[in-house]
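Q: Structure for the following, please:
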Amino acid sequence: MMPHHHLLTNYREISPQQIRAANSDFFNGIGVGDMSIELPLNSCNTQITLKNVLHCPNLHTTLLSVAKIDNAGYACRFSNGKCRIYDNRDKLLGIAPCINGLYQLVNKINTAYSSSTPLLSLYDAHIRLGHVNYIYIKHLLKDPDVQGFKLDPSKMEEIQCETCLKAKLSCQPIAHSHSSPLATNFGDLVHMDLWGPAKTHTVNHNYYMLSLLDDATYWLEEILLKSKDQAYHAYRQHQAALKTMEGTIIKTLHSDHGGEFLGTEFTNYLKELGTHHKLTTHDTPQHNGQVEHTHHTLFDGIHTVLNGSGLPQWLWGYALEYMVYVWNCTPKKAIGMKTPFEMRYKSKPNLSNIHRFGALVYYAKRKDNKLVPCGRPGFWIGLEPESNGHYIYSTNSCTITVECDIVFSTCEFSRLEGESEMTWDMEPVSIDTDNTKSPYNATPENSDHDDIDTPIPSDNNVISEPLDPLIMSGKRIRKPTQKLRDIANNIATANLAHEIAYSATISETTSESIAFDPRTVAEAMRSLDWPKWEEAMYDELKCLKS
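A: Numbering: from 1, shown residues only. The predicted structure follows:
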């Protein structure tokens with residue numbers, strides 16, 4: 001019996017015959033034919049022919065029975081672990097050694113008759129070996145010492161495996177460097193992306209920023225937004241400014257598939273201008289790598305200046321404007337170590353207005369009382385482009401004002417012993433801005449889009465610190481007490497009037513006693529009574545430890 005019908009001559013099909021193997025498995029014989037084999041003997045081989053050999057395609061081994069050899073007129077003698085085959089003249093024709101309990105005919109010329117070498121196509125071997133690459137299969141099975149099966153030389157086609165396509169398909173590698181050449185002129189190609197939402201909003205309740213990076217000059221614009229739907233109006237204002245000031249219309253706009261960039265209003269506006277909108281494929285932010293790398297660089301700088309200055313985290317919007325200014329005035333490797341300012345305006349940038357973020361300054365504050373000092377301390381947090389003034393943050397009142405009469409101080413306030421540096425975590429997070437009710441964390445309702453990144457209107461253009469997130473202002477209105485209602489209705493009793501007068505006297509006396517007391521450690525260090533305040537602080541610490 002053998003599995004290879006192409007090695008049988010005079011082959012003819014027969015009705016299937018079920019055969020039971022020694023391990024109780026069943027296989028069918030479907031044809032018979034004549035098989036020629038060569039019996040190995042030293043360096044020469046003798047060819048014999050066996051008649052009516054059964055063809056069993058599911059059989060993995062060619063089996064020769066002693067009865068079949070005897071019917072062909074040959075004799076078998078077994079001794080010393082070998083089977084010797086003789087012809088009818090008692091001439092030795094070949095020797096089959098005993099290997100693993102079976103007498104096997106090992107033919108060095110044709111291994112098709114070996115006891116365990118079925119022929120498989122390259123594709124079948126690929127499936128049997130766990131879908132290994134075709135190259136490794138060829139390299140493995142070209143070694144004649146490898147047993148089990150061999151490759152059929154007539155079936156070496158590398159068929160495309162559908163299973164491998166489904167199971168092994170992976171994303172193509174993306175180049176780490178910019179492969180295509182840069183654009184030629186300003187506005188030819190602009191990369192756009194939206195960052196956010198931030199965990200902490202800015203003083204103007206902005207959670208997002210729209211990034212616009214010019215490919216030719218690497219000029220960067222960052223526009224702060226309260227919500228994603230303001231991206232269209234922010235871009236429209238930016239395009240209008242470019243067209244009015246420089247006569248430039250952006251030719252190609254490159255962005256991802258963000259919904260804020262694919263709205264009908266945004267798409268129709270770009271079509272009206274003739275701007276080509278180039279999109280990246282999904283889940284490949286690397287294809288918009290220039291602006292993604294810009295985000296990383298900017299927020300590295302924001303983390304650094306906020307941590308180095310010790311200013312509150314909600315000032316990250318001013319730190320962003322500061323880092324954008326620095327970006328446009330410093331060299332970039334992609335444009336030949338030139339600055340974006342130089343590439344756009346064809347002149348060197350003026351760095352005289354750049355100062356250290358959070359630098360200590362003194363600004364003039366005129367008072368009616370001439371005995372009160374005019375100079376007040378504050379911290380420089382950037383330039384105000386509209387009036388050429390400076391944004392000054394006051395720690396005493398926690399407000400931001402625009403000042404022009406300032407002096408940068410050479411004094412530095414060092415951190416006190418035991419006061420650690422603050423860390424800032426402003427990575428974008430997913431927040432439910434619709435259901436949040438906190439006055440600090442809630443995203444404001446969508447209003448007129450013309451107020452993008454504009455200061456909150458107040459007296460003297462003063463911007464106040466946002467509310468503490470731990471302070472919840474409830475909607476319940478407290479009712480006045482009976483005493484307050486009596487006072488309002490002018491029906492207060494004599495005893496109540498006496499109580500009010502006594503309370504006013506006590507309050508006035510207390511206010512006069514603490515009017516000149518320092519409110520912060522820094523004020524205490526600058527006062528003449530600092531040694532006494534320092535002694536009182538250490539006494540208080542000792543009491544707390546005991």
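
Q: Show me how this structure divides into domains.
A: The record assigns the chain these domain ranges, following automatic domain parsing: 5-117, 118-164, 185-354+403-476, 482-545.

Q: In TSV, list these along with mean neighbour count.
A: For the C-beta atoms, the positions are set from N, CA and C on the backbone; glycine is no exception. Listed next are the domains of the chain as TSV, based on neighbours: other Cβ atoms under 10 Å:
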stretch	mean neighbour count
domain 5-117	14
domain 118-164	13
domain 185-354+403-476	16
domain 482-545	11
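
Q: Dump the ones you listed into JSON lines; add distance to I381 and mean pLDDT as well.
A: What follows is the domains of the chain, written out as JSON lines (distance: least, Cβ to Cβ, whole Å; pLDDT from 0 to 100):
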{"stretch": "domain 5-117", "distance to I381": "81", "mean pLDDT": "79"}
{"stretch": "domain 118-164", "distance to I381": "58", "mean pLDDT": "85"}
{"stretch": "domain 185-354+403-476", "distance to I381": "4", "mean pLDDT": "78"}
{"stretch": "domain 482-545", "distance to I381": "18", "mean pLDDT": "69"}
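
Q: Which of those domains sits closest to A364?
A: Distance to A364, taken as Cβ to Cβ, is lowest for domain 185-354+403-476 among those, at 4.1 Å.

Q: right, so of the domains of the chain, which gets closest to V361?
A: For V361, the closest of the domains of the chain is domain 185-354+403-476, at 4.7 Å, according to Cβ to Cβ.

Q: still on that earlier bit, out of the domains of the chain, nearest to K365?
A: Between the domains of the chain, domain 185-354+403-476 lies closest to K365; by Cβ to Cβ that is 8.6 Å.

Q: ok, which stretches of this structure are helices?
A: In the chain, helices defined by DSSP state H lie at 66-71, 122-128, 134-141, 162-168, 231-246, 264-273, 289-309, 316-328, 340-345, 482-488, 494-514, 521-526, 530-545, listed in chain order.

Q: Which stretch among those helices approaches D256 most closely?
A: Across these, D256 has its closest neighbour in helix 289-309 (9.5 Å, Cβ to Cβ).

Q: what's the angle from the closest one to helix 316-328?
A: For helix 289-309 against helix 316-328, the angle by axes from the mean of the first three to the mean of the last three Cα atoms, to 10 degrees is 120 degrees.

Q: State the distance from the nearest residue to H276 once chain neighbours are set aside to S121.
A: Nearest residue to H276 in three dimensions, chain neighbours excluded: T252, at 4.7 Å (Cβ to Cβ, 6 or more residues apart in numbering). In this view, T252 and S121 are 51 Å apart by Cβ to Cβ, to the nearest Å.

Q: coming back round to it: if I pick the residue nearest to H276, what's in contact with it?
A: The contact partners of T252, by Cβ atoms under 8 Å, 6 or more residues apart in numbering, come to A183, D188, L189, V190, T275, H276, H277, K278.

Q: and what of V190?
A: L212, L213, D214, D215, I250, T252, L253, H254 are the contacts of V190 under Cβ under 8 Å, 6+ apart.

Q: What is the nearest of those to I392?
A: Distances from I392 to those, taken by Cβ to Cβ, are shortest for L212, at 28.4 Å.

Q: That closest one reaches Q237, doesn't it?
A: No - using Cβ atoms under 8 Å, L212 makes no contact with Q237, being 11.4 Å away.

Q: list the contacts for the nearest residue to G274 once chain neighbours are set aside?
A: Closest residue to G274 apart from its sequence neighbours, by Cβ to Cβ, 6+ apart: I249 at 7.2 Å. I249 makes contact with G187, Q239, L242, K243, L273, G274, T275 under the criterion Cβ under 8 Å, 6+ apart.

Q: Turn the domains of the chain into CSV, columns for distance to Y363.
A: As requested, the domains of the chain are arranged in CSV below (distance: least, Cβ to Cβ, whole Å):
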stretch, distance to Y363
domain 5-117, 94
domain 118-164, 71
domain 185-354+403-476, 4
domain 482-545, 17
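
Q: how about the ones you listed, which one is nearest Y393?
A: domain 185-354+403-476 (6.6 Å).
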